[in-house]
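Chemist: sequence first, predicted model second:
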Number of protein chains: 2
Amino acid sequence: MPAFHTYKNPALATDLVVFGYQDKALSVLLLNRKEAPFKNGWTLPGAFVGLEETLAEACRRILDTKLGLRSIYLEQLYTFDTPNRDPRGRVISVAHFALVSQGKLTAVAGKMANDVRWFPVTDIPVLGFDHRQILSAAQERLRAKILYQPVGFELLDENFTMPELQDLYECILGHSIDRRNFRRKILDAGFVELTGEKKEGLQNRPADYYNFNKKLLPQHFHLNL
Amino acid sequence: MPAFHTYKNPALATDLVVFGYQDKALSVLLLNRKEAPFKNGWTLPGAFVGLEETLAEACRRILDTKLGLRSIYLEQLYTFDTPNRDPRGRVISVAHFALVSQGKLTAVAGKMANDVRWFPVTDIPVLGFDHRQILSAAQERLRAKILYQPVGFELLDENFTMPELQDLYECILGHSIDRRNFRRKILDAGFVELTGEKKEGLQNRPADYYNFNKKLLPQHFHLNL
């Protein structure tokens, strides 16, 4: 403990909500723990924060060594401090969330876990610690954020059709959206553009591919969906 | 240090951005430090977090003992962890922000400070630590939040006129708003109501007093101001 103050420090950890999206389903990456507490139970991936690393570095370390995931979107969520949230002692967790297009990357369990698996957010097992609460906070943040920041594109492949983008929004927001209104509001917001390519479908007529263009992003937008 | 893990813990602190509003000016409460580091310099009020207290309890302790403020709006802002943000060693700060109607309360310096004073956000002195960065993050949060949550009312007296409410929004957003549009959008949002009383002015005709009614608050709103 540093000598410059007389408080005992709570332990400091970070827990990660990694959202993935594939086949019209929003999922979250969970670890099955090899060790107590919650041995053989499912939790969010997490770790104690080292004295020499930043919070973001601790998160990248978890993503890299525990999950085999690199270069994905990462954002600080909230700091959780309910007493007794960890049965081992006082641990404060600066939770983060990450977004990944599941098609792009495969998660791999590090040596600390029995298993690592994507669970659809609609079918989450019992979670250890206060991780259900952390997950709920992350879902709420994602629902709010997708309306005013282009975070949704982190979950998609680079090129996507308008119906694919709408599926993502409906999945995150949890309600259906009128097709024409959705199309109009997204195009009005102005940050997607036609790629010129089309997706060939078996049953439907070919759908235009769009991509997200950061340069077109307005300073402020709010999608009223 | 708890025995259950082998990491050395960074020290954990909280710093508080207390916003006040009076006479058409948004202000922030700063302490003049009695001791090093930044002796005789201005900083946000803050404290180390005790092993037995929650973050919110640590904040309430600061508000109570260092500032003499009770029962004011408090919200977690963000956790700051830049290395060397504190010259004494590794300290991670879970910053919070608080909102107060300056007319309601008087801040009093505790024994740890030379002085405590409101500074208009447009005229902030050099701040110690990374407190300029924390203040900027709090201003940005307040600007965003006032459009979709009724936090502005925490800064006002219970009864206010429409011009007074508009002054507050213009002050926080940093730009002027068309008077009729503002009135229409606030009334459309539906969470203020006429009190039936009027403010008697010297020069103008009496203005209607409104108050904020939580019961009228819609589940979601977004003011496009």
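Modeler: That came in fine, so what should we check first?

Chemist: quick check: phi and psi on A:Gln102?
Modeler: phi -60, psi -30 (degrees, to the nearest 10).

Chemist: for it, grab the count of nearby residues.
Modeler: A:Gln102: 19 surrounding residues under other C-beta atoms under 10 Å in any protein chain shown. Quick note: C-beta positions are derived from backbone N, CA and C, even for glycine.

Chemist: next one: A:Leu12
Modeler: 26.

Chemist: relative to chain B, how far out is it?
Modeler: 6 Å (C-beta to the nearest C-beta, to the nearest Å).

Chemist: hang on, isn't that residue packed against A:Gly46?
Modeler: No: applying C-beta atoms under 8 Å as the test, A:Leu12 and A:Gly46 come out as separate, 11.2 Å apart.

Chemist: quick check: neighbours shared by these two?
Modeler: Shared contacts of A:Leu12 and A:Gly46 (C-beta atoms under 8 Å, 6 or more residues apart in numbering or on different chains): A:Ser93.

Chemist: any idea how far the longest helix seen in chain A is from the chain center?
Modeler: For chain A, the longest helix by residue count, based on DSSP state H, is helix A:131-145. Offset of helix A:131-145 from its chain centre (C-alpha atoms, centre = their mean, to the nearest Å): 9 Å.

Chemist: give the pairing partners of the next helix or strand after it; include direction for each.
Modeler: For helix A:131-145, the succeeding helix or strand toward the C-terminus, using DSSP states H and E, is strand A:159-161. Sheet pairing for strand A:159-161, assigned by DSSP bridges, gives strand A:207-212 (antiparallel).

Chemist: in the partner strand, what's buried?
Modeler: By neighbour count, and taking 16 or more other C-beta atoms under 10 Å in any protein chain shown as the criterion, the buried residues in strand A:207-212 are A:Tyr209, A:Tyr210, A:Phe212.

Chemist: and the second one, how far from B:His220?
Modeler: Right, the one you point to is A:Tyr210. A:Tyr210 sits 27 Å away from B:His220, going by C-beta to C-beta, to the nearest Å.

Chemist: repeat that for the last one.
Modeler: Between A:Phe212 and B:His220 the distance, using C-beta to C-beta, works out to 25 Å.

Chemist: so where's chain A shaky on pLDDT?
Modeler: The model of chain A has pLDDT under 70 over residues A:1-7, A:104-105, A:202.

Chemist: residues from it in reach of chain B?
Modeler: Contacts of chain A with chain B, taken as C-beta under 8 Å from any C-beta of the partner chain, map to A:1-2, A:4-5, A:7-12, A:48-52, A:54-55, A:76, A:78-79, A:81-83, A:88-92, A:94, A:222, A:224.

Chemist: go again with 7 Å.
Modeler: Neighbours of chain B within chain A, by C-beta under 7 Å from any C-beta of the partner chain: A:1-2, A:4-5, A:7-12, A:48-51, A:54-55, A:76, A:78-79, A:81, A:83, A:88-90, A:92, A:94, A:222, A:224.

Chemist: could you report the neighbour count for A:Ala144?
Modeler: Counted with other C-beta under 10 Å, A:Ala144 comes out at 13.

Chemist: and what of A:Val100?
Modeler: 24.

Chemist: would you confirm that it contacts A:Leu69?
Modeler: Yes: using C-beta atoms under 7 Å, A:Val100 is in contact with A:Leu69, at 6.4 Å.

Chemist: before we move on, the earlier item: run through who's touching the longest helix of chain A.
Modeler: A:15, A:17, A:19, A:28, A:43-44, A:77-78, A:80, A:95, A:97, A:121, A:124, A:127, A:151, A:172-173 (C-beta atoms under 7 Å, 6 or more residues apart in numbering or on different chains).

Chemist: likewise stretch A:195-212?
Modeler: Everything outside stretch A:195-212 that qualifies as a contact, by C-beta under 7 Å, 6+ apart, is A:Pro150, A:Phe153, A:Glu158, A:Asn159, A:Phe160, A:Thr161, A:Met162, A:Pro163, A:Phe191, A:Val192, A:Glu193, A:Leu194.

Chemist: could I get those as TSV with neighbour count?
Modeler: What follows is these, written out as TSV (neighbours: other C-beta atoms under 10 Å in any protein chain shown):
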residue	neighbour count
A:Pro150	17
A:Phe153	23
A:Glu158	11
A:Asn159	14
A:Phe160	24
A:Thr161	17
A:Met162	17
A:Pro163	15
A:Phe191	17
A:Val192	19
A:Glu193	13
A:Leu194	11
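
Chemist: now the residue nearest the centre of chain A, what's its secondary structure?
Modeler: Centroid-nearest residue in chain A, with C-alpha atoms, centre = their mean: A:Phe19, separated by 3.1 Å. Following DSSP: H, G, I helix; E, B strand; the rest coil, the label given to A:Phe19 is strand.

Chemist: residue ranges for the strands of chain A, please.
Modeler: Assigned by DSSP state E, chain A shows strands spanning A:11-22, A:25-33, A:42-43, A:46-48, A:73-80, A:91-101, A:113-120, A:159-161, A:192-199, A:207-212.

Chemist: distance to B:Arg61 for these - can I get that in JSON lines?
Modeler: JSON lines is the format used below for the strands of chain A (distance: least, C-beta to C-beta, whole Å):
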{"stretch": "strand A:11-22", "distance to B:Arg61": "20"}
{"stretch": "strand A:25-33", "distance to B:Arg61": "35"}
{"stretch": "strand A:42-43", "distance to B:Arg61": "32"}
{"stretch": "strand A:46-48", "distance to B:Arg61": "26"}
{"stretch": "strand A:73-80", "distance to B:Arg61": "17"}
{"stretch": "strand A:91-101", "distance to B:Arg61": "16"}
{"stretch": "strand A:113-120", "distance to B:Arg61": "39"}
{"stretch": "strand A:159-161", "distance to B:Arg61": "50"}
{"stretch": "strand A:192-199", "distance to B:Arg61": "49"}
{"stretch": "strand A:207-212", "distance to B:Arg61": "46"}
